[in-house]
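**Student:** sequence? don't have it. structure:
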């Protein structure tokens with residue numbers, strides 16, 4: 001999880017009781033926690049305000065809270081350049097003043113700060129397909145993680161939206177039941193690639209042909225995308241998770257993404273995102289002014305992320321500090 005999401009989860013107990021009875025569209029403010037966008041009650045992980053013991057996310061948060069009581073430090077998969085200003089407030093939420101160690105992005109240590117597509121990855125069908133794309137940065141990658149599930153109707157709308165947008169795409173489909181609409185495969189042709197098996201997401205995001213990521217905004221996916229300098233089209237799916245907060249942080253806080261609308265004009269929750277909305281979102285990210293600005297910022301953050309894990313970088317220094325503390329404490 002991002003430090004921001006963890007800080008919000010740990011701060012819920014500080015909210016006034018009246019917040020529980022407020023509207024989902026009411027803004028929520030936390031004491032001493034500066035959030036770079038308007039946080040709504042509906043953005044807070046579902047069940048957290050009620051401390052619902054049957055909610056998996058809540059149960060995980062409570063178990064983590066118990067472990068926190070004996071912790072002297074928290075290892076964070078993030079880096080100071082994007083969340084460093086939250087460190088002081090986050091640490092103050094721990095009764096024992098535990099220290100936050102920003103040592104991410106973890107994935108970049110795998111290749112000494114710069115991920116490259118290796119020989120093994122090059123043999124994958126989707127990498128060969130990416131190699132065929134003429135335009136650098138012209139492909140949008142679509143994946144919603146392993147826990148997101150859509151109705152067949154919503155899957156159809158995604159398919160039509162990608163078709164209408166006109167950009168080459170790789171779409172990772174987890175459903176074994178969904179079948180593309182009649183004639184869709186023929187119309188899309190080689191412009192689109194649907195993959196129904198595991199993919200090495202990093203190798204796709206690292207490929208020069210990839211220019212955007214339509215994502216559920218799980219924190220690992222967000223960091224993978226930003227580490228490769230790829231902007232996001234945000235579509236949080238799981239309301240009981242940190243995805244809604246991450247999506248707003250990406251688009252409104254960091255300015256490295258474009259948001260798929262989650263609510264209608266009247267504030268009602270959109271149950272099915274239509275093809276027109278998906279098409280407009282893809283076009284804005286890939287060719288619009290907002291998307292251009294997001295891409296520039298994402299590329300800049302990608303460079304900062306790489307530098308953070310290199311020798312002398314912020315995360316590298318924090319890692320050295322963590323190792324020193326582990327040695328002193330003989331953990």
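**Tutor:** Structure's in. What do you need? This structure is a prediction, so every number in the text was calculated from the model and none was measured. Residues are numbered from 1 along each chain as shown.
**Student:** Dihedrals phi and psi, residue 192?
**Tutor:** Torsion angles at residue 192 (phi, psi; degrees, to the nearest 10) stand at phi -130, psi 150.
**Student:** who's it bridged to?
**Tutor:** Beta-bridge partners for residue 192, by DSSP bridges, are residue 169.
**Student:** If we go by neighbour counts, what in stretch 92-108 is buried?
**Tutor:** Neighbour counts over stretch 92-108 (16 or more other Cβ atoms under 10 Å) mark 93-94, 98-108 as buried. In this view, the C-beta of every residue, glycine as well, is placed from N, C-alpha and C.
**Student:** right, and the helix or strand after the helix or strand where residue 171 lies?
**Tutor:** Element membership for residue 171, per DSSP states H and E: strand 169-172. Downstream of strand 169-172, the first helix or strand assigned by DSSP H and E is helix 184-188.
**Student:** closest to residue 169 among the buried residues of stretch 92-108?
**Tutor:** For the buried residues of stretch 92-108, the residue nearest residue 169 by Cβ to Cβ is residue 107; the value is 23.0 Å.
**Student:** and that closest one, that one's in a helix?
**Tutor:** Yes: using DSSP: H, G, I helix; E, B strand; the rest coil, the assignment for residue 107 is a helix.
**Student:** Can you tell me how far it is from residue 223?
**Tutor:** Distance of residue 107 to residue 223, computed by Cβ to Cβ, to the nearest Å: 7 Å.
**Student:** ditto for residue 1
**Tutor:** Distance, residue 1 to residue 223, using Cβ to Cβ: 11 Å.
**Student:** same thing with residue 102?
**Tutor:** 12 Å.
**Student:** what helix or strand is residue 7 on?
**Tutor:** Going by DSSP H and E, residue 7 is in helix 3-11.
**Student:** Now that helix: average pLDDT?
**Tutor:** Computed over helix 3-11, the mean pLDDT rounds to 92.
**Student:** Ok, stretch 204-221 next?
**Tutor:** Rounded mean pLDDT across stretch 204-221 is 97.
**Student:** ok, and for it, which residues are buried?
**Tutor:** Those would be 204-207, 209-219, 221, for stretch 204-221 by 16+ other Cβ under 10 Å.
**Student:** hang on, residue 47 packs against residue 61?
**Tutor:** No: contact criterion Cβ atoms under 8 Å: residue 47 and residue 61 do not qualify, at 9.5 Å.
**Student:** in stretch 155-168, what counts as buried?
**Tutor:** Under 16+ other Cβ under 10 Å, the buried positions of stretch 155-168 are 155, 156, 157, 158, 159, 160, 161, 162, 163, 165, 167, 168.
**Student:** Actually, stretch 70-90.
**Tutor:** Quick answer for stretch 70-90 (16+ other Cβ under 10 Å): 73-74, 76-83, 86-87, 89-90.
**Student:** Would you mind finding the longest helix in this structure?
**Tutor:** helix 289-309 (DSSP state H).
**Student:** same for it, what does it pack against?
**Tutor:** On a contact count with 3 or more Cβ pairs under 8 Å, 6 or more residues apart in numbering; DSSP states H and E, helix 289-309 meets helix 80-83, strand 210-215, helix 219-227, strand 257-259, helix 275-287, helix 314-329.
**Student:** for the ones you listed, which one sits closest to residue 69?
**Tutor:** Closest to residue 69 of the helices and strands packed on helix 289-309, according to Cβ to Cβ: helix 314-329, at 16.6 Å.
**Student:** Between helix 289-309 and the closest one, find me the angle.
**Tutor:** 40 degrees (axes from the mean of the first three to the mean of the last three Cα atoms, to 10 degrees).
**Student:** Can you report the mean pLDDT over the residues of helix 314-329?
**Tutor:** pLDDT averaged over helix 314-329 gives 94.
**Student:** Check the offset of it from the chain's centre.
**Tutor:** 27 Å (Cα atoms, centre = their mean, to the nearest Å).
**Student:** mind listing what's buried in it?
**Tutor:** Quick answer for helix 314-329 (16+ other Cβ under 10 Å): 314, 315, 316, 318, 319, 322.
**Student:** go on, stretch 229-247?
**Tutor:** So for stretch 229-247, counting by 16+ other Cβ under 10 Å, buried means 229-239, 241-247.
**Student:** Ok, stretch 32-44 next?
**Tutor:** Buried-residue list, stretch 32-44, by 16+ other Cβ under 10 Å: 33, 35, 39, 40, 41, 42, 43, 44.
**Student:** go on, stretch 248-261?
**Tutor:** Residues of stretch 248-261 classed as buried: 248, 249, 250, 251, 253, 254, 255, 256, 257, 258, 259, 260 (neighbour count, 16+ other Cβ under 10 Å).
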